[in-house]
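1. Need a 3D model of the sequence below.
(one chain, ligands or ions: 1)
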Amino acid sequence: MQENYQQLIELIAKSSGTSVEEIERKIEAKQAKLSGLISKEGAAQVIAAELGVNFDKQLIKISQIVQGMRKINLIGKIINLFPIREYNKNGRSGRIGSFVLADDTSNIRTVLWDEGHIDLIEKGQIVDGGVVEIINASLRNGELHLASFSEIKPSGQVIENAVTKRPVFKKTIVQFNPNDNVSVRAVIVQIFEPRFFEICPECRKKVSEVGECATHGKVSPEKRALLNFVIDDGTESIRAVMFSDQLEKIMTMSELDNSELFGVKKKEFLGKEMMVEGNVRKNQLYGNNEFIISGISEVNVDELIAELEK
Ligand SMILES: [Zn+2]
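-> Residues are numbered from 1 along each chain as shown. This next block holds a predicted model:
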């Protein structure tokens, strides 16, 4: 969220009448004083408080949200309302509401835990395409979370240019946060054996071992592959996974399915630098981050030079 950090600094500067340079200097000084025990996002919030900038009562834009922020207030348009889900875990049960909230800067997945808030969806007071005002939300794993002390209500405001596509940010791997949509230039340092599974041709969902779809029954399943590998950009490494749709852009199904041909491909890609785009997910089982690839391409040297010259 490097871009978000920059936006936050600008917001603090504007709200306090201090220059961006001065704020950056104060943040560095604060971090140095605390011997690096505080992130720059955290330090920015401390400086904001010191300058009397109170985010508690301020409406912010989605692009200004940074890691660790609490008491987030904003207005956004619901661009994708998901069905209410029920959960039953460790003896606790309840419902979860969720949607994608957008404004004119970005969009963010938003999760509702409070029964009262979920009732608003059920009663049709919070609807797909509707604009809502949210008070006191917090950021968790890159998502906006509303608890019982949060508020949500329909807003009369009109949002003209809701950003429906998630902006992709260029980042180094060490800066990856869960739910980030990022692109990175990195070297493929390890490639695992491909794994195969079968999907229903109708609904694209995984079929059972005997080739039956839960919805469509007996079907002639299509074979799909996934490939796990590790990428490293010099700051850190991360395990990445690529599914058939992306995978088949760089190798064919027969190359994946034949160990000799796969060996050749593996040799070709190991140690190769690529532009990789995708979504960062937190692996619920192991707690580490994984990178789900949505695009992969060779490094375009001309583009790279043009960028460096900017
Ligand atoms: Zn099916």
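2. residues touching the most centrally placed residue in the chain, list them.
-> The centroid of the chain falls nearest to Asn179 when counting by C-alpha atoms, centre = their mean (2.0 Å). By C-beta atoms under 8 Å, 6 or more residues apart in numbering, the contact set of Asn179 is Arg109, Asn141, Gly142, Glu143, Asn279, Val280, Arg281. Heads up, the C-betas are built off the backbone N, CA and C, glycines and all.
3. who touches the fourth one in this structure?
-> So the one you mean is Glu143. Contacts of Glu143 by C-beta under 8 Å, 6+ apart are Ile108, Arg109, Thr110, Val111, Asn179.
4. Let me know the closest of those residues to Glu24.
-> Ile108 (25.5 Å; C-beta to C-beta).
5. Each with direction, which strands does the strand or helix carrying that closest one pair with?
-> Assigned by DSSP states H and E, Ile108 falls within strand 107-112. Its sheet considered, strand 107-112 pairs with strand 92-102 (antiparallel), strand 143-146 (parallel) by DSSP bridges.
6. Averaged pLDDT, that strand. What do you get?
-> Averaged over strand 107-112, pLDDT sits at 93.
7. Show residues contacting it.
-> 62, 65, 76, 79, 96-102, 118, 121, 134, 137, 142-146, 152, 162-164, 166, 179.
8. tell me, which of those make contact with the ion?
-> Contacts with the ion within these, counted by C-beta under 5 Å from the ion: none were found.
9. Out of those residues, which end up buried?
-> Neighbour counting over these (16 or more other C-beta atoms under 10 Å) leaves 62, 65, 76, 79, 97-102, 118, 121, 134, 137, 142, 144-146, 152, 162-163, 166, 179 as the buried ones.
10. Nearest to the ion: which residue in the stretch 1-150 of the chain?
-> Residue of the stretch 1-150 of the chain nearest the ion, by C-beta to the ion: Pro83 (18.5 Å).
11. For stretch 37-44, buried residues please.
-> Ile38, Lys40, Glu41, Gly42, Ala43, Ala44.
12. among these, which are in helices?
-> Counting by DSSP state H, these place Lys40, Glu41, Gly42, Ala43, Ala44 in helices.
13. Can you add distance to Ser254 and pLDDT and give those residues back as CSV?
-> Below are these laid out as CSV (distance: C-beta to C-beta, whole Å; pLDDT from 0 to 100):
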residue, distance to Ser254, pLDDT
Lys40, 49, 84
Glu41, 48, 83
Gly42, 51, 84
Ala43, 54, 88
Ala44, 52, 88
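14. Quick check: which of these are also close to the ion?
-> Checking these against the ion (C-beta under 5 Å from the ion), there are no matches.
15. Figure out the helix or strand that the residue lying farthest from the centre of the chain lives in.
-> No residue in the chain sits farther from the centre than Glu260, which is 36.6 Å out by C-alpha atoms, centre = their mean. Using DSSP H and E, Glu260 sits in helix 259-269.
16. tell me the average confidence for that helix?
-> 94.
17. do stretch 303-310 as well
-> Stretch 303-310 comes out at a mean pLDDT of 67.
18. Quick check: the gap between the residue farthest from the centre of the chain and the ion.
-> 34 Å (C-beta to the ion, to the nearest Å).
19. quick revisit: show me how to select, in PyMOL, the buried members of the contacts of Glu143.
-> To isolate the buried ones among the contacts of Glu143 in PyMOL, judged by 16+ other C-beta under 10 Å, type:
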select buried, resi 108+109+110+111+179
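20. What's opposite Asp232 in the beta bridge?
-> Bridge pairing for Asp232 - DSSP bridges - gives Val187, Ser237.
21. Surely it is in contact with Arg185?
-> No - counting by C-beta atoms under 8 Å, Asp232 stays clear of Arg185, with 10.9 Å between them.
22. returning to what we had before: now, among the buried residues of stretch 37-44, which is nearest to Phe192?
-> So of the buried residues of stretch 37-44, ranked by how close each gets to Phe192 (C-beta to C-beta), first place is Glu41, at 34.2 Å.
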